[in-house]
Structures are given as structure tokens and as C-alpha cells.
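>>> Turn this into a model:
(chains A and B)
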There are 2 protein chains.
Amino acid sequence: MASNKPFPKSFGLILFPGFEVLDVAGPIEMLNRLARREGYHDMSLSVISRTTDPVNPGPIPPYTAGKAFLGNQLYLPTHTLESAPEIDVLLVPGGFGAFDLHKTNLEDYVQFIRDRYSGNNGHQPLQYIISVCNGAGFLAKSGILDDRKATTNKDFWNEVAAYGPKTHWIAKARWVNDGNIWTTSGVSAGADGVIAWMASLIPKELVDDVVNGVEWFRAKNADNDPFAEIFGRRDIAPVAE
Amino acid sequence: MASNKPFPKSFGLILFPGFEVLDVAGPIEMLNRLARREGYHDMSLSVISRTTDPVNPGPIPPYTAGKAFLGNQLYLPTHTLESAPEIDVLLVPGGFGAFDLHKTNLEDYVQFIRDRYSGNNGHQPLQYIISVCNGAGFLAKSGILDDRKATTNKDFWNEVAAYGPKTHWIAKARWVNDGNIWTTSGVSAGADGVIAWMASLIPKELVDDVVNGVEWFRAKNADNDPFAEIFGRRDIAPVAE
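A predicted model of the protein is given here:
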């Protein structure tokens, strides 16, 4: 259902070593289509990483599997975590690199998300934050999923849920919306989540145009998630204090 | 049905200004998953463009619509059309930039495809070529779709088919395989086409693992294409000589 709120303008996309390509490209493709449309030309995107050096989806050292294939996919950030402008909507992909959260090697990203979501240090608070796959782990570690419902990748369900012991993790969900936070299931689900988010703000006809133009096999309902069953996943309630 | 042929090792991906992000990322995501698996670590990828300058999916001048969003998505090629190594499998995405084919501004790309497909100038002929969306326009202009069946984007069906007057264009097709050429329908169809191509070479269990890991809503059959009807498209037979 479309609202009358003005559509956000300033988008940010987080990149880190070992991000998942389709976690990024699914949502971005849908937003690219919109940005080309009359009335949405003022949308802007900042691609944000630790440095402005090229970042790739390849294995994180000491791992090497697939490096000659994935390591040559080089994405050039436009901003660092420090230089990023004010943002209305932050996209947080997942990927095998996000499991580095275990080792706190991504604490600067977690802090960025915490600060920007809440509007700490004089920043404008985010209007929306959208995570894909185990990108939800960043949100959970930042604390913003505490006392919220959320979902994440079904393959690595328990590993990611462990980052958010105060979160109610919904298993049979292509995406979950709680307040201004949208979390989606694994990889391809990111596109469906972003389509659903767009559909909450813009006319249905425009959403249909985007989806059909991309020839996307859309999950129209949040609970259209066959993968929860394929991987045998159940909801995980918050751990009692 | 998996064959006993050895799986190809050397992959090439063509990038040009104004490429479509998901045309690239759908197939690449599926191949990334495979490259991470035991037995496929020797897969390599070259990202090939006119120069090694960053290339983006944004509008081609004089167009500007969406530039502040799409123009900041910067992909860094690893090779030029001239420096590209020998390739087993070439991936050719589409995108709004590919309509520059009308103006012959992409003739160097067309020549590259013609040379590499056929093994001209001492090159090893490609084992396979796979196009996504209106990337089929490059193949058609190179002549390699003459007397072949093919498909392409359903939204811009007639425009792309016009590049290949000697091609039999199949409308209700998520993908078409003819010999060692795989053409797919628009954008998202690229991933389904590459999954089908992989399934012709590797065990079913591994394909299922990739698809489920990516949580992809897969089109299992080549004729699973609701978009031909949505856009009202019909087959286009070759023009009689």
C-alpha cells in the first residue's frame, strides 16, 4: 500500500570484503529501475566501505577457495565509513565476509550502522535500514534488532541468529518489516524485500513496471519462503533476560 | 542432464557503459557459488571492457536520468578487449547501454565476440557463449545467431530482434540453447539460463545446492516465461533471403 510520504533521496550501500554479489545487485537493480523513472531522478547512491580501495566478494584470507573467480570482481567505493554523506536509506548486504563479525574485524561497520541508524554524533537518523541475508548480523550486533522481529539467511540460520539474542527471528519469511527496519532472507530475497519496501511508498503500477521490466519471479507475500522448510528452520524467540 | 565433459575453467565477462547490473550479477552469483566448491576452485574470471577505467551502469551521454544513483556504481575491469586472455565461456550482459549498438558505437565489442566465438586471429574458439537480455544484440550483430534459435528481453523484443534478421526468435522462453550458444530473456532470466547451462554439465545435487543456497525462485523449464504473455510477444521467424 503506497503512502503519501515523500520518497527518500539519499541511499547508502555498505560494502566489505567478501560481500555477496546478488545481495547487493538484487536490491540495487530494482532501485536502478526506479532512479531512471521520471520523478525519481534525484535519487543518489553512495557506495561506502572501509577505504576507497576496490573491494571484492572473494574469500577472506587465510581462505583462498574461488579467489581466481571472485577476487577479480572489483567494486570501487565512492565513500569511506568516515566520509559518507547523510543518508536516508542504508542497504546492508551479507556475504561470507560478514562471518568475520565473529572475530570483531567488522566493528567499524557495526559502529557506523549504530551511529547512523540512531543519529549519533550529529548525524541525521536513517529513515530506513534494509539488510539482506546475513547482513542482518551487522544490525543485530549494533543492537538495533533488540526487541524486534527479523529474518536472515536460511542456510546459516542459527549462526546469524546468535548475533541477536534479544531478537525474535522469524523463519518462514522472505522478509520481515518491523518499524523502519526491513530484514530479508538469503541472497535473492533481498530483491523481494526491496520491492516490498518500495511498494509501501510508491504506486502499485510503478512497482509492477519495475518487476516486469526486470522479468523478476517475485515473492508477493512476506511468508512466501520455501527455503525455511528446505533447510528445516524454526522461529527463534528472544533469550529471556 | 549432466555430461562427462570437463567443466570449463576460464570465464570472461563483458562490461560496457550502461550495462544492466542484474544481467551481470545473476549469472555471476551462481558461478561464484560454484567456484567456492571443492573441485571448481580453478575457475577464473576476466572482466573485460574497452579500457581498464571503471565502468558504470549509468546513462550514456547525452542522457542523464538516474546518473546520481547508477553512475556511482563503479566496476573495475581486469582486462581490455585487447588484453583479454583465452576464454572458455563468455558472458555477455545487456543493458540500456547496449542500445548504442544502433549507432555502431560498440562495434569493437561486436568484433571481439565474433573473433573469440569463431577463434579468429589465432584465438582459441569459445566453448560456450551466454547472453542475457539485449546482450543477444551483440551476438546477433556479430553474425553468430544467423540460422540459430535465440531469445532476448521481452520488453524490448522487437528492437533487439531487429539486430538478427536471420535468427528465429523464440518468445515464450526463459532461455534458449542452440549448439554452444545460450541466450536468455530479460535481466533476471540470466541466472536461470546459467543455472540451466550448469545443469547440463554438473551433477543435479550440486545445482540444487547452489540454487537453494542463493534462495533463488528458479524457472526449471526453458518455457517457464510469463513475461512473453505480459508483454504480448510472438515468435519472429527469420526474414526470407
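>>> What is the subsequent helix or strand relative to the lengthiest helix in chain A?
For chain A, the longest helix by residue count, based on DSSP state H, is helix A:21-35. The helix or strand immediately downstream of helix A:21-35 is strand A:44-49, counting by DSSP states H and E.
>>> For that next one, name the packing helices and strands.
Judged by 3 or more Cβ pairs under 8 Å, 6 or more residues apart in numbering or on different chains; DSSP states H and E, the packing partners of strand A:44-49 are strand A:10-14, helix A:21-35, strand A:79-80, helix B:67-70. All C-beta atoms are positioned from the backbone trio N, CA, C, and that covers glycine.
>>> Neighbours of A:Val92, how many?
Other residues near A:Val92 come to 29 when the count uses other Cβ atoms under 10 Å in any protein chain shown.
>>> Same question for A:Asn224.
A:Asn224 - counted by other Cβ under 10 Å - has 15 other residues nearby.
>>> Which single residue of chain A ends up nearest chain B?
When scored by Cβ to the nearest Cβ, chain A has A:Ala25 as its residue closest to chain B, at 3.2 Å.
>>> Without its sequence neighbours, what residue ends up closest to that residue?
B:Ala25 (3.2 Å; Cβ to Cβ, 6 or more residues apart in numbering or on different chains).
>>> which residues touch that neighbour?
By Cβ atoms under 8 Å, 6 or more residues apart in numbering or on different chains, B:Ala25 lies in contact with A:21-22, A:24-26, A:29.
>>> let's see 10 Å
A:20-26, A:28-29, A:57, A:73, B:32, B:93, B:187, B:190-191 (Cβ atoms under 10 Å, 6 or more residues apart in numbering or on different chains).
>>> Pick the one among these closest to B:Asn177.
B:Gly190 (13.7 Å; Cβ to Cβ).
>>> For that closest one, grab the count of nearby residues.
Considering only other Cβ under 10 Å, B:Gly190 is surrounded by 35 other residues.
>>> ok, the residue lying closest to it once chain neighbours are set aside - contacts?
In this structure, B:Gly190 finds its nearest non-sequential neighbour in B:Val132, 3.3 Å apart by Cβ to Cβ, 6+ apart. Applying Cβ under 10 Å, 6+ apart, we find B:Val132 in contact with B:19-20, B:22-24, B:26-27, B:91-95, B:152-153, B:175, B:182-191, B:193-194.
>>> Show me the shaky parts of chain A.
Residues of chain A that meet the criterion pLDDT under 70 lie in A:1-4, A:241.
>>> Please report phi then psi for the residue nearest to the spatial centre of it.
Nearest to the geometric centre of chain A sits A:Ser131, at 2.3 Å (Cα atoms, centre = their mean). Phi and psi for A:Ser131, reported as degrees, to the nearest 10, are phi -110, psi 150.
>>> correct me, but it touches A:Leu139?
Yes: taking Cβ atoms under 10 Å as the definition, A:Ser131 is a contact partner of A:Leu139 at 5.3 Å.
>>> Show me the common contact partners of those two, please.
A:90, A:92, A:113, A:145, A:150, A:152, A:181, A:183.
>>> Most widely separated two among these?
A:Leu90 and A:Thr152 (16.7 Å).
>>> which of these two has more neighbours?
The residue with more neighbours, out of A:Leu90 and A:Thr152, is A:Thr152; 35 against 25, by other Cβ under 10 Å.
>>> now the more buried one, what's its secondary structure?
What DSSP: H, G, I helix; E, B strand; the rest coil gives for A:Thr152 is coil.
>>> mind listing what it touches?
Here A:Thr152 is in contact with A:94, A:131-137, A:139-140, A:145, A:159-161, A:163-164, A:167, A:169-171, A:173, A:176, A:183-186, A:189, A:233 (Cβ under 10 Å, 6+ apart).
>>> That one and A:Thr183: what is the separation?
6 Å (Cβ to Cβ, to the nearest Å).
>>> Between the two, which contacts overlap?
With Cβ under 10 Å, 6+ apart, A:Thr152 and A:Thr183 have common neighbours A:131-133, A:135-136, A:139-140, A:145, A:160, A:164, A:167, A:169-170, A:173, A:176, A:189.
>>> And those, which is closest to B:Lys9?
A:Cys133 (28.2 Å).
>>> Surely that closest one touches A:Ala191?
No: the pair A:Cys133 and A:Ala191 does not pass the contact test of Cβ under 10 Å, sitting 11.5 Å apart.
>>> of these two, who's got more company?
Taking other Cβ under 10 Å, A:Cys133 and A:Ala191 do not tie; A:Cys133 has more neighbours (33 against 30).
>>> Skipping adjacent residues, who's closest to the more buried one in space?
A:Gly94 (3.3 Å).
>>> residue ranges of the strands in chain A, please?
A:10-14, A:44-49, A:74-76, A:79-80, A:89-92, A:128-131, A:149-150, A:168-169, A:175-178, A:181-184 (DSSP state E).
>>> Now do the contacts for the residue nearest to A:Asn158 when sequence neighbours are not counted.
By the measure of Cβ to Cβ, 6+ apart, the closest residue to A:Asn158 outside its immediate chain neighbours is A:Ile236, 7.7 Å from it. Taking Cβ under 10 Å, 6+ apart as the criterion, A:Ile236 is in contact with A:157-158, A:161-162, A:164-165, A:167-171.
>>> Same question for A:Gln111.
A:81, A:120, A:141-142.
>>> Check the gap between it and A:Ala140 for me.
Distance of A:Gln111 to A:Ala140, given as Cβ to Cβ: 14 Å.
>>> How about A:Thr52?
27 Å.
>>> Which one of those two is surrounded by more residues?
A:Ala140 (28 against 14).
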